[in-house]
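1. I need the structure of the sequence given here:
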Amino acid sequence: MKNLSFLDKIFYLLNSLLATLLLLSYLLPYISPNTMPILAVLSLFVPILAIINICFVIYWLIKLKKQFFLSTVVLLIGWFFSSTFYKFSDKNSSLNSDLKVMSYNVKAFDFFNVNTDSTSTKNGFDFIADKNPDVLAIQEYYQSSKIKLSYPYKFIKTKNDKGKFGMAIYSKYKIINSGSLNLKNTSNNIIFIDILKETDTIRVYNFHLESLRIKPNEENFGEENSEKLLNRVSTSFKMQTQQALQFLEHEKNWHGKRIICGDFNNTAYSWVYKKISMNKKDAFLEAGKGFGKTFNYWFPMRIDFILVDEKAIVNQFKVFSEQYSDHFPVQAKISWK
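-> Purely as a prediction, here's the structure:
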């Protein structure tokens with residue numbers, strides 16, 4: 001510190017604070033939000049914290065200062081002990097036996113008939129038809145005569161008998177069983193189907209965990225009443241914890257092949273994700289590339305997931321950039337050993 005200018009000393013203090021926050025974030029998957037819900041908010045910012053620390057490393061290296069060790073060490077710890085926030089290479093293979101699964105939070109289809117590009121007549125339903133997934137899991141479903149999805153089998157669960165909002169799973173394969181976890185005190189839910197693919201029975205869970213109610217293109221975290229925002233998000237994290245535990249209890253009764261997909265409303269650096277993904281493969285980590293950003297916010301948030309059992313092989317994973325909703329659709333090609 002003695003050989004640093006006054007401005008560099010300020011930078012190093014800021015560097016120390018942000019490196020400490022990043023280091024602290026590595027512990028979040030092991031701390032239940034029921035214990036420290038406010039701390040769980042930090043899990044949303046891990047990618048941006050990592051990017052800032054990389055910038056500090058570059059800054060100190062350019063100045064030939066040994067201070068670059070601080071962020072370098074913290075980033076290396078994260079590389080070995082935390083979930084990867086950026087994938088440099090992907091996997092792009094395909095088998096005739098692959099099951100192609102898409103998960104998509106469609107935001108009640110409200111963007112599907114709006115052309116963001118005036119020269120294009122393609123909408124969200126055309127996009128789905130073009131990608132042609134075998135199984136399509138939809139969150140924030142809205143029942144309407146305008147829906148253009150052609151599948152022989154489907155399971156739709158609205159929040160109540162008279163409601164139109166809910167969740168849906170469409171399938172090219174016969175659905176032999178279906179159900180809902182009927183999450184309490186929320187409009188969100190977890191549903192599932194069992195499909196018959198040749199001689200295999202595969203369970204597909206469709207998740208929509210408690211929403212954080214963070215709106216794209218609005219500076220929620222910069223608003224004056226930030227305490228109210230933090231309290232709301234903390235409450236959502238605690239509800240997600242109970243929802244995850246309810247799922248884990250339900251999952252115990254299924255011992256076959258499985259796919260868990262949907263909108264977790266949380267990141268890969270959270271307790272909720274760690275619990276749900278235990279003994280499973282994350283399709284993005286297996287075959288994806290880049291940040292895997294699935295929510296249209298100003299920094300890369302990966303909150304939509306496709307997870308598979310340990311015997312499954314993920315041959316391909318994609319996050320599509322089409323903006324028909326505030327979420328980007330994710331798709332995986334999956335086979336089994």
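2. Any idea which helix or strand in this structure has the lowest mean pLDDT?
-> helix 37-40 (a mean of 83; mean pLDDT, DSSP states H and E).
3. which helices and strands sit right next to that helix?
-> The elements that helix 37-40 packs onto, with contact taken as 3 or more CB pairs under 8 Å, 6 or more residues apart in numbering; DSSP states H and E, are helix 226-251. The way it works is simple: take the backbone N, C-alpha and C, and place the C-beta from them, glycine included.
4. returning to what we had before: CA atoms only: put the helix or strand following the least confident helix or strand of the chain into PDB for me.
-> Counting by DSSP states H and E, the element after helix 37-40 in chain order, helix or strand, is helix 46-62. Extracted as PDB, the C-alpha positions of helix 46-62 are listed here (Å, rounded to 0.1, in the frame of the first residue of the first chain):
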ATOM      1  CA  VAL A  46     -22.100 -13.300  -8.300                       C
ATOM      2  CA  PRO A  47     -21.500 -12.900 -12.100                       C
ATOM      3  CA  ILE A  48     -21.200  -9.100 -11.900                       C
ATOM      4  CA  LEU A  49     -18.900  -9.500  -8.800                       C
ATOM      5  CA  ALA A  50     -16.700 -11.900 -10.800                       C
ATOM      6  CA  ILE A  51     -16.500  -9.600 -13.800                       C
ATOM      7  CA  ILE A  52     -15.500  -6.600 -11.600                       C
ATOM      8  CA  ASN A  53     -12.800  -8.700  -9.900                       C
ATOM      9  CA  ILE A  54     -11.500  -9.700 -13.300                       C
ATOM     10  CA  CYS A  55     -11.300  -6.000 -14.200                       C
ATOM     11  CA  PHE A  56      -9.300  -5.300 -11.100                       C
ATOM     12  CA  VAL A  57      -6.900  -8.100 -12.000                       C
ATOM     13  CA  ILE A  58      -6.400  -6.500 -15.400                       C
ATOM     14  CA  TYR A  59      -6.000  -3.000 -13.900                       C
ATOM     15  CA  TRP A  60      -3.300  -4.100 -11.400                       C
ATOM     16  CA  LEU A  61      -1.400  -6.200 -14.000                       C
ATOM     17  CA  ILE A  62      -1.300  -3.200 -16.400                       C
END
